[in-house]
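*Asks:* sharing a model prediction with you, sequence too.
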Amino acid sequence: MVSKTTDMPLPRILPAGDMALVVEFGDAIDPAINARTLAFDAAIAAAAESGALSGIVETVPTYRSVLVHYDPLVIGFEALSNALSGLSAGDRAAEPGRLWTVPTVFGGEHGIDLEFVATTIGARPSEVIDLFLSAEYRVYMIGFAPGFAYLGGSPERLHLPRRPEPRARVPAGTVSVGGMQAAINSMEMPSGWHLLGRTPARVFDLRRDPPFLFRPGDRIRFTSVEDATFRRLARDAEAGAYMPACSLS
Amino acid sequence: MSTPVLRAVDPGPLATIQDGGRRLWQRYGVSPAGPADPPSHAIANLLVGNPRAAAAVEFTLIGGTWQVEATSVRLAVAGGSFPISVDGQAAPGRRSLTLRRGQSLTIGPADDAVRGYLAVAGGFALPAVLDSLATHVRSGLGGLDGRAIGRGAALPLGLDAAPESPDLALDARELPPRRLPLRIVLGPQDDQFFPAAIANLLDTDYTVTREADRMGCKLAGAPLPHRGGHNIISDGIATGSIQVPGSGQPILLLVDRQTTGGYPKIATVISADLGTAGQLRPGDRVRFARVTVAEAQGLARQARTGLDGLAARLSPVGPWDSNHLDAGRLLGLNLIGGVVSAGTAGENVDACQLET
């Protein structure tokens, strides 16, 4: 067993049937817990890569846990639990987070709930936009649909209950808030969140390699653009000639 | 020479292309898809000499009608007692059949299955999307342009002619068992439920509602009360997870499930029973029985070993030909009976002779 140098509590390991298990690091949406989760996910990948750990099929890191899909004919639950308990992720940093700048056109046809959100929180629409732009968002996890990133970090005033009835078809690129979270739709999908605007950036594009723009741990800042800019960039994106700006930090 | 295809003259209510499923992309929100009943999918493939995770058609309720637009095609149907006919003439199941250009295969409904598999030797020549041919209709990935197979669709074949090797047949005793109760491992979030919920889950029947598809089956029965709220911080989902939303009524998640979700999961159906779970239909009554993880993993090994050995236990059989068989049978009857009836038998013989 590798000794732990961290004062974080030990993770809980829970069975999810006979072909998967959950390694759980906490019960909160918290950047530190998420960072630890992602570091552990990276440590599993490294151990599998080096041959130190066998039987791993794939892993799904989320806010505060890693779901490990494994082959029970290669490694059983007890053996894998022991191996994972001894895996040190404390001093291993996950891949450095990238900072994306995501241009967004707010309101009008692109953000049909901007007025509703403004009325609800007692602000002008322009103030809602400024509030939304003031935050830096963290990609906590990807799930629900291909490339759909759950973003945390939205200002508290924008934490609103979801719509009672979801909308059936919300286009790709839609920028929305729901509960404590924000999101950019990766494809057309149903959504019960409040739609503030739309980005021309394609979060999921099969023509790209890799097809997914974001990774968990990435950070996002939104900038406001005019409708004309949105349309120009959307045309470029359609032609596969536009990616939002990204810097490593 | 045009591309060899299998024509979906009528693909039934819902038919999709499924291979073994899409792996390694769940971390990006991509559902695994793949066959709802993996052992049956594997059997259809093995019967035509394919690797068992090759792409095959998964049909629902009725297999419909498929026409050969290639020199010849070897195909097989598995999943249940689906009646099969070739050009309108009943054909045997649990074996491969080799059809010539222009011949049609029709697959009717089965009383013991909702999903069936139609495999072709050499598989389908379709592009992989994210490393897989599996269709996930909700996200528009895989198969034929990410969609269900439409009426009249052309499925490009990997081979223009059936292999030279003999057809293969499967003994009925080799079919993987469909068994209830469905065995489950408790967790990962069983600690979020009152003991009464666990007791209800293990001791009472649940009925499959009409809301049942490849994504999951909503079940109805004794409620499963949560200890705290019915929301957890979204985390990963395994196929077979039984999640419980605020209604307290469980949802059994199948292969088209999302990768992550925010409802507590009280238990998970074991992998050896996922084929049975994938064949549940509205109105079916389901019981659950608890096993340990170690027991479930022993059963997984047994199931996998059984499938691994199956290819070796298939028997070569002679070609099936509606005309020859029927002519032979009738000829036999005539010889034994010594009398040629002036009725339908004679007409059939004539029809056969005209065709051959």
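*Replies:* Sure, I can see it. Residues are numbered from 1 along each chain as shown, chains lettered A, B, ... in the order given.
*Asks:* where do the helices sit along chain A?
*Replies:* A:31-50, A:77-85, A:114-121, A:125-134, A:227-238 (DSSP state H).
*Asks:* need those helices in TSV with distance to A:Arg167, mean neighbour count and mean pLDDT, can you?
*Replies:* (C-beta placed from N, C-alpha, C; glycine too.) Converted to TSV, those look like this (distance: least, C-beta to C-beta, whole Å; neighbours: other C-beta atoms under 10 Å in any protein chain shown; pLDDT from 0 to 100):
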stretch	distance to A:Arg167	mean neighbour count	mean pLDDT
helix A:31-50	28	19	95
helix A:77-85	40	17	96
helix A:114-121	12	17	97
helix A:125-134	19	18	98
helix A:227-238	20	15	97
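*Asks:* for those helices, which one sits closest to B:Pro188?
*Replies:* B:Pro188 lies closest to helix A:77-85 among the helices of chain A, at 12.0 Å (C-beta to C-beta).
*Asks:* right, and the helices of chain A - which one's nearest A:Met180?
*Replies:* helix A:31-50 (12.7 Å).
*Asks:* could you dump the closest one to PDB, C-alpha only?
*Replies:* What follows is helix A:31-50, C-alpha atoms only, in PDB (Å, rounded to 0.1, in the frame of the first residue of the first chain):
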ATOM      1  CA  PRO A  31     -13.600  22.200  -7.000                       C
ATOM      2  CA  ALA A  32     -11.200  20.500  -4.700                       C
ATOM      3  CA  ILE A  33     -13.200  17.300  -4.500                       C
ATOM      4  CA  ASN A  34     -13.600  17.400  -8.300                       C
ATOM      5  CA  ALA A  35      -9.800  18.000  -8.800                       C
ATOM      6  CA  ARG A  36      -9.100  15.000  -6.600                       C
ATOM      7  CA  THR A  37     -11.600  12.900  -8.500                       C
ATOM      8  CA  LEU A  38      -9.900  13.900 -11.800                       C
ATOM      9  CA  ALA A  39      -6.400  13.200 -10.500                       C
ATOM     10  CA  PHE A  40      -7.500   9.800  -9.300                       C
ATOM     11  CA  ASP A  41      -9.100   9.100 -12.800                       C
ATOM     12  CA  ALA A  42      -5.700  10.100 -14.300                       C
ATOM     13  CA  ALA A  43      -3.900   7.800 -11.900                       C
ATOM     14  CA  ILE A  44      -6.100   4.800 -12.900                       C
ATOM     15  CA  ALA A  45      -5.400   5.600 -16.600                       C
ATOM     16  CA  ALA A  46      -1.600   5.700 -15.900                       C
ATOM     17  CA  ALA A  47      -1.700   2.500 -13.900                       C
ATOM     18  CA  ALA A  48      -3.700   0.700 -16.600                       C
ATOM     19  CA  GLU A  49      -1.300   2.100 -19.200                       C
ATOM     20  CA  SER A  50       1.800   0.900 -17.400                       C
END
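*Asks:* picking that back up, ok, which of the helices of chain A comes nearest chain B?
*Replies:* Closest to chain B of the helices of chain A, according to C-beta to the nearest C-beta: helix A:77-85, at 4.4 Å.
*Asks:* what angle separates the closest one from helix A:31-50?
*Replies:* 110 degrees (axes from the mean of the first three to the mean of the last three C-alpha atoms, to 10 degrees).
*Asks:* quick check: residues of the stretch 151-300 of chain B near chain A?
*Replies:* Counting by C-beta under 8 Å from any C-beta of the partner chain, the positions of the stretch 151-300 of chain B adjacent to chain A are B:185-189, B:233-241, B:258-261, B:265, B:268-272, B:293-294, B:296-297, B:299-300.
*Asks:* kindly recompute the last result at 7 Å.
*Replies:* Contact residues (C-beta under 7 Å from any C-beta of the partner chain) of the stretch 151-300 of chain B with chain A: B:185, B:187-188, B:233-236, B:238, B:240-241, B:258-260, B:268-271, B:293-294, B:296-297, B:300.
*Asks:* for ChimeraX, what selects the buried ones among these?
*Replies:* Applying 16 or more other C-beta atoms under 10 Å in any protein chain shown to those leaves a buried subset, and the ChimeraX line that selects it is:
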select /B:185,187,188,233,234,235,236,238,240,241,258,259,260,268,269,270,271,293,296,297,300
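*Asks:* do the helix or strand of chain A with the lowest mean pLDDT and chain B come into contact?
*Replies:* When the helices and strands of chain A are compared on mean pLDDT, DSSP states H and E, strand A:189-191 comes out lowest with a mean of 89. No: Strand A:189-191 stays clear of chain B (C-beta under 7 Å from any C-beta), getting no nearer than 8.4 Å.
*Asks:* what does that strand contact?
*Replies:* With contacts defined as C-beta atoms under 7 Å, 6 or more residues apart in numbering or on different chains, strand A:189-191 is touched by A:145, A:166-170, A:176, A:185.
*Asks:* looking at the residues you listed, spot the one nearest A:Ala28.
*Replies:* Sorting the contacts of strand A:189-191 by how near they are to A:Ala28, with C-beta to C-beta, puts A:Ser176 at the top with 22.7 Å.
*Asks:* get me the contact residues on chain A for chain B.
*Replies:* For chain A, the residues in contact with chain B (C-beta under 7 Å from any C-beta) are A:14-20, A:22, A:27, A:29, A:57-65, A:67, A:72-73, A:76-77, A:141-148, A:187, A:206, A:212.
*Asks:* now, which of these lie within strands?
*Replies:* Among the residues of chain A next to chain B, the ones falling in strands (DSSP state E) are A:14-15, A:20, A:22, A:57-61, A:65, A:67, A:141-142.
*Asks:* separate out the buried members of those.
*Replies:* By neighbour count, with 16+ other C-beta under 10 Å, those hold A:14-15, A:20, A:22, A:58-61, A:65, A:67, A:141-142 as buried.
*Asks:* report the two of these separated the most.
*Replies:* Within these, two members stand farthest from each other by C-beta to C-beta: A:Pro15 and A:Ile142, at 23.7 Å.
*Asks:* domains of the chain?
*Replies:* Assuming you mean chain A. Chain A breaks down into these domains under automatic domain parsing: A:12-85, A:98-248.
*Asks:* meant chain B actually
*Replies:* As given by automatic domain parsing, the domain ranges for chain B are B:5-175, B:182-309, B:322-355.
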